[in-house]
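> Provided below are the primary sequence and the corresponding predicted coordinates.
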Amino acid sequence: MSTSIFDKYNMGGVELSSRIVMAPLTRSRAIGNVPNDLIAEYYAQRASAGLIVAEGTSPSPEGLGYRNIPGIFSKEQAEKWAATPRAVHKKGGKIFLQLMHTGRVGNNNNLPEGAEVHGPSAKAMKGEVSTNTLGRQPYSLPIEMSINKIQNTIQDYVNASRLAIEAGFDGIEIHGAHGYLPNQFMNIVSNLRNDEYGGTYEKNCRFALEVCQQVIEAIGAEKVGIRISPFSPFERREEAAFVIDKYTFLVKELEKLKIGYIHFSNIVAVSYTHLRAH
């Protein structure tokens, strides 16, 4: 029996009207990092997709490295987000929220008062980024995350995941690709550590895996996906054999967690989503 992308699909208990997935886009339309009615309207217009993955949304103030991206670390943000899944569900759609912590990819001028850019190591991203009030500026030098900061950030993901479910989303996707925080830990260009979070590819993957594990424990494996980009450009490419070994290890560990899906994506290639029912 042949399978069509238009066929219904059971994604680990999440019933989709088709196998068509709308990938997330950074849209920068959240004024004051708070979602609004325009965002809800945008996703409601696309509710015919089997699954929508909404735009990158920061789980903490430190993750708001770009201008006008939304957050979901406060009750106010969660309450404003609630209009989006409600509008999508009204039209029969399903929607996950992507959690995107920018880590070192950002500038302090874009962060709320009291927040600073953090990363696995104190190594700045090359290039410039648009800022709220200073025009284009170099990426800020990140503060190296302490073990305590790492653990607190993992809890930020857990809190954001719970808030997303409370707001009505069907699940969340962890953005572990394209140079954002989990990918920064995974890549030897940005992770210069020699502790339990760096030095070998197994340790480099630890942050992403701990985020996934604790979020799964909080909201359920069927409601969690992750986006990864093994061969996307990131200042310089790692050796192919090293990347293959690292991501083979990562995917095997994610399979053990029975994660809802793994979204493979490269910046210069067409992305696709591997959906698997458990």
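Arrived safely.

> go ahead and confirm A208 touches Y180.
No - under the criterion of CB atoms under 8 Å, A208 lies out of contact with Y180, with a separation of 10.5 Å. Every residue, glycine included, has its C-beta placed from N, CA and C.

> can you verify I226 is assigned to a strand?
Yes - assessed with DSSP: H, G, I helix; E, B strand; the rest coil, I226 lies in a strand.

> what residues are up against N68?
Counting by CB atoms under 8 Å, 6 or more residues apart in numbering, N68 makes contact with S28, R29, A30, I31, N33.

> neighbours of the fourth one, how many?
Residues near I31, counting by other CB atoms under 10 Å, number 11.

> now it: phi and psi?
I31 has phi and psi values of phi -70, psi 130 when expressed as degrees, to the nearest 10.

> the spatially most central residue of the chain - nearest residue in space that isn't next to it in sequence?
Nearest residue to the geometric centre of the chain (CA atoms, centre = their mean): H175, 2.1 Å. The shortest distance from H175 to any residue that is not its chain neighbour, by CB to CB, 6 or more residues apart in numbering, is 4.0 Å, and that residue is M100.

> check the spacing between that neighbour and V88 real quick.
To V88, M100 is 19 Å away according to CB to CB, to the nearest Å.

> quick one: the helices in the stretch 51-200 of the chain?
With DSSP state H, counting those that start in this stretch as the definition, the stretch 51-200 of the chain shows helices at residue ranges 75-81, 83-90, 147-167, 181-186.

> elements contacting the last one?
Same thing as helix 181-186. Counting by 3 or more CB pairs under 8 Å, 6 or more residues apart in numbering; DSSP states H and E, the packing neighbours recorded for helix 181-186 are helix 201-204, helix 206-219.

> can you pull the buried residues of the first one?
What that stands for is helix 201-204. Of the residues in helix 201-204, those with enough neighbours to count as buried (16 or more other CB atoms under 10 Å) are Y201, K203, N204.
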